[in-house]
Structure formats: structure tokens, C-alpha cells
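Engineer: Give me a model of this one.
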Amino acid sequence: MGNNADVEKILKENVKLIDRYIEKYVPREYTEDSLLFKISPPRYEVDLEALNKTVAEPIWRLLDSGGKRWRPALFLLVCEALGGNPKKFLDFAIIPEIVHNGTLMADDVEDSSEFRRGKPCTHKLFGIDIAINASQLMYFLPMTVLSEKKKKLPDERARGVYEIYVQEMTNLSLGQATDIAWHRGLTSAYGVTEERYLQMCAYKTGTLARMAAKMAAVLAGADADAVEKVGIFAESIGVAFQIQDDILDLVGEEFAKGKGGLGMDITEGKLTLMVINAIQKADQADKKELTRILGLHTEEEASRKKAIAIIRKYGAIEHARNFASKIVQDSWDEVDKVLPPSEAKDKLRTFAEYLIQRQI
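Structural biologist: Now for the predicted structure:
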């Protein structure tokens, strides 16, 4: 794997494979023979039509709308790089992906978003009640993988997967709580440091990448040091991915098409690494104007452009790009020590570089 085209090819091939495994645990249509009912048999009679309209349909509408499925790809690469057989653990690769899409569904409700991947959000099409319930179900449904497969795993590995899941799901909510507080203005923008931003990101966006990598490492039989190091590496990829998302929101024309235009993060009042950096560097007038616009939650294009101009003026976009590259490189230097030389290891590095340099 030497370039972006190779990575994109792998991701594209992965989508079909991962979706096939997701369907095993989250079917497009529930029937009496669905795996879920074999793992946990109902005592009476399930209303299949109700579940199909409120669970299967909204979940698959979101899953089919796009997404790179890069977390399962990361899982499989880490597993292979640590000497595991990725084909043996394909079922487990879906766990972070289903949870991730559940978080998107919930985020859209919490942010009162209109569009996701260029299409109306789940709560806009199906209602807030269905979206909230389906998103919560997506946090727990993937763990049926462990129920299905634990008999084939050594006890300590099954326990390790479960402990990682519980820990990371907790972290996810802590990150979301912090992000909500910031864009609702519950804390002062001047008090949000880069360190606090990074911890929020490590909780919110780094968590599922870290979950994928640490689960893969445990299943591959890696020791505690290797599990920890690949976890930190994956977390840095997740944080860098978020930083690149935030950069593209301000400057990526193609990226912004599916989100309603450039600067939607400005409308949300989002405190990104770039906003924090610009506030730290700006003179009093620019600092005041930038925080004022963020506090307005305005959809007005002129105001969004003004905020972006202030952020650009202080070199905050370049700062964010450099920062994202550095945290990935620093964590790779540690992973380099625990991964033996292999083609999978080379693929893993190229994969990380692709995720933080992408334009869409």
C-alpha cells in the first residue's frame, strides 16, 4: 500500500465486506430466524413489523448513506500487524462501526442538525423518538458479537474485549458532554485550552479508533504494552481525523457540500483547535468578534466567512494541520517499537497518513 489510491481501494472493498458482517447482527429485515432472537430468545411473540419500521429501516438508511468504514479497516490492519488472523475476527471489526453510526444519529438530534452525508438526518425522516431509541440500541447491539463468539475465545481475551468496550463507551459520553457544554456556551470560550480540547477529542473521536485497535490487539494475543501503544496510536489517528474534519469544514468546498456549506461548525458555535488557537493569538477586537459570531449560532454566510477570515489571519489552520501530523508521528514512533516488520505494518502507517490528509 503505497498511496492514497491503494488506501481508497481497500476502504471501498471493505465497505461491502463489513456491511455483510453488520447484517448478520443488525439485519436489514428482522425475521423469526434473526440471530438476535437465537442469542436471546423471546418468551412471547415479537412484533417484527414494529422492529423493522423503527430499528432496521432507520439504522440501514444511515448505514447505506455513506461512511468510510475506516474503523473496521483499522481493526483488521492492527490485528494483522500483531500477527493475528484478521479473517478470524471479522465479526468483532463491526463493533466500533455500529457504535460510531449510533453516535452520529444521537449527535444529529442533540445538535438539531438537518443533514448527514448530504441527506436528511434520521430524526428528520423518522422522528426524534425513533432516532434516540435506535441510536441507543446501536450502542449495545454490536456486543451480541461477543455473546455469539465468546465460547471460541480464551476467557481473558473475551474479558479484555468487554472491559475495553465498557471503558470506551463511558469515555464517549464524557467527550460528548464536554462538546455540548462548549457549543452551548456553558463554559467560557477563553477558558478552553488546547489541552482541554485534545482531551475532549480523545474522549469523543479518539475513543472508537482506540476501541477498534485495542480490541484487535487483545484478540491477536498482544501483551499489555502493545495493547496500550496501539491504543494511543489509534486515538491519535481519531483526534487527527477530527482536526482534519474541522479544517475541511472551513476550507473544503467538496467536503462542505454534504453539510450545508462551509463553516457549519461556526453555526454550531464549535470550539475547534483552530478557534482556540486563533482566540489565543488574536488581538482584543478580533478575539471579541470571533467569540461573538460563535455565540450567535448564525447561519448567515457573511458572518461565517468573517469568522473563517479571522481564523485564517492568525495561521490557525496551518497550526492545526501541523499539530495533527505531529501527534500521529509521535505515537507512531512508539508503535514502531512493538510491531514487527511486515506488509501489514507498512499498510497501517500509510493508512494513518491517508486519514489525516484526505480532502473529503
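
Engineer: After the helix or strand containing residue 177, which helix or strand is next?
Structural biologist: Element membership for residue 177 (DSSP states H and E) is helix 155-183. Sequence-wise, the next helix or strand downstream of helix 155-183 (DSSP H and E) is helix 194-204.

Engineer: Using CSV, write out every CA atom in stretch 306-319.
Structural biologist: What follows is stretch 306-319, C-alpha atoms only, in CSV (Å, rounded to 0.1, in the frame of the first residue of the first chain):
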residue,chain,number,x,y,z
LYS,A,306,-15.9,36.7,8.7
ALA,A,307,-15.1,34.1,11.4
ILE,A,308,-13.1,32.0,8.9
ALA,A,309,-11.1,35.0,7.8
ILE,A,310,-10.2,35.8,11.5
ILE,A,311,-9.1,32.1,12.0
ARG,A,312,-7.0,32.3,8.8
LYS,A,313,-5.5,35.6,9.7
TYR,A,314,-3.7,34.1,12.7
GLY,A,315,-2.4,31.0,11.0
ALA,A,316,-4.6,28.7,13.0
ILE,A,317,-5.4,26.4,10.1
GLU,A,318,-1.8,25.7,9.4
HIS,A,319,-1.2,25.2,13.1
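
Engineer: buried stuff in it?
Structural biologist: 306, 307, 308, 310, 311, 314, 316, 317, 319 (16 or more other C-beta atoms under 10 Å). To be clear about C-beta, it is placed using only N, CA and C from the backbone, and glycine gets the same treatment.

Engineer: For the spatially closest residue to residue 90 that is not a sequence neighbour, list the residues it contacts.
Structural biologist: Excluding its sequence neighbours, the residue lying closest to residue 90 (C-beta to C-beta, 6 or more residues apart in numbering) is residue 21, at 5.4 Å. By C-beta atoms under 8 Å, 6 or more residues apart in numbering, residue 21 lies in contact with 90, 91, 93, 94.

Engineer: Next step: those residues restricted to helices.
Structural biologist: Counting by DSSP state H, those place 90, 91, 93 in helices.

Engineer: which residues touch whichever strand or helix holds residue 303?
Structural biologist: Using DSSP H and E, residue 303 maps to helix 301-313. Residues from elsewhere that reach helix 301-313 (C-beta under 8 Å, 6+ apart): 250-251, 261-263, 266-267, 274-275, 278, 282, 286, 289-290, 293-294, 296, 298, 317.

Engineer: I would like a ChimeraX command selecting only the buried ones among these, please.
Structural biologist: ChimeraX command restricting the contacts of helix 301-313 to the buried ones, with burial defined by 16+ other C-beta under 10 Å:
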select :250,262,263,266,267,274,275,278,282,286,290,293,294,298,317
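
Engineer: Restricted to strands, list the contacts of helix 301-313.
Structural biologist: Cross-referencing the contacts of helix 301-313 against strands under DSSP state E gives no overlap.

Engineer: follow-up on the earlier one: make TSV from the buried residues of stretch 306-319 and add distance to residue 71 to it.
Structural biologist: Shown next, in TSV, are the buried residues of stretch 306-319 (distance: C-beta to C-beta, whole Å):
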residue	distance to residue 71
306	36
307	31
308	29
310	34
311	29
314	33
316	28
317	26
319	27
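
Engineer: Can you check the distance spanned by stretch 269-288, start to finish?
Structural biologist: 14 Å (C-alpha to C-alpha, to the nearest Å).

Engineer: Pull out the buried residues from it.
Structural biologist: 269-279, 282, 286-287.
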